[in-house]
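Quick check, what structure comes out for this input:
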Amino acid sequence: MGKIGLVELLDRLEGTIEEGKRMPLTNKVLVDAYDVLEILDQVRISLPDEVKKAEELLKERDKIISEATREGQSLRESAGEYLKSMVSKEEVVKAAEIESKRIVDEAKLEAEDIRKGASQYAADVLSKLEENLDRALEVVRRGVEELEKSSA
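Numbers count the residues shown, from 1 in each chain. This next block holds a predicted model:
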């Protein structure tokens, strides 16, 4: 059996609860504890994969930022070297410095956009994961409450 996604597992847990036998005149539902515990075990197994994916996204974001910074620095150095070889007129030097600064500023803006996009994506993934975990935790809490109420 292949890996099951966290959201699919949470959907299965919810389905198990929804398909449970309802107690008349109450909100209580009887579910097969084995089924619920099996799904929760699979959630525990799946959770580290979801966290690893988020960490990989953050590493990729840092890599992109680092590459953009290196590229900007490389462009600046290239422009500086080119400028030195062409130093015959002061206007040429000034124009090259302005262009070099523009290229670096553009690279910084691009790096910032990439950083923001990667950060937003990672935040969205983690937020969705948090929501799913909150839903699962609420379902489990309700199940525990119902079990405690029914055993009292």
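
how close does the spatially most central residue of the chain get to residue 29?
Residue closest to the mean C-alpha point of the chain, counted by Cα atoms, centre = their mean, is residue 122 at 2.9 Å. As judged by Cβ to Cβ, to the nearest Å, residue 122 and residue 29 stand 36 Å apart. To be clear about C-beta, it is placed using only N, CA and C from the backbone, and glycine gets the same treatment.

before we move on, what about residue 103?
Residue 103 sits at a distance of 64 Å from residue 29 (criterion: Cβ to Cβ).

other SSEs contacting the top helix by length along the chain?
The longest helix of the chain (DSSP state H) is helix 90-151. Other helices and strands packing on helix 90-151, by 3 or more Cβ pairs under 8 Å, 6 or more residues apart in numbering; DSSP states H and E, are helix 6-18, helix 33-85.

With distance to residue 110, mean neighbour count and mean pLDDT added, can I get those in a markdown table?
What follows is those, written out as a markdown table (distance: least, Cβ to Cβ, whole Å; neighbours: other Cβ atoms under 10 Å; pLDDT from 0 to 100):
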| stretch | distance to residue 110 | mean neighbour count | mean pLDDT |
| --- | --- | --- | --- |
| helix 6-18 | 33 | 17 | 86 |
| helix 33-85 | 6 | 14 | 82 |
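
nearest to residue 136, of these?
When those are compared for distance to residue 136 using Cβ to Cβ, the nearest one is helix 6-18, at 4.8 Å.

just to revisit the earlier point, gap between the closest residue to the residue nearest to the centre of the chain other than its chain neighbours and residue 67?
In space, and not counting its chain neighbours, residue 122 is closest to residue 57: 4.7 Å by Cβ to Cβ, 6 or more residues apart in numbering. With distances defined as Cβ to Cβ, the gap from residue 57 to residue 67 amounts to 16 Å.
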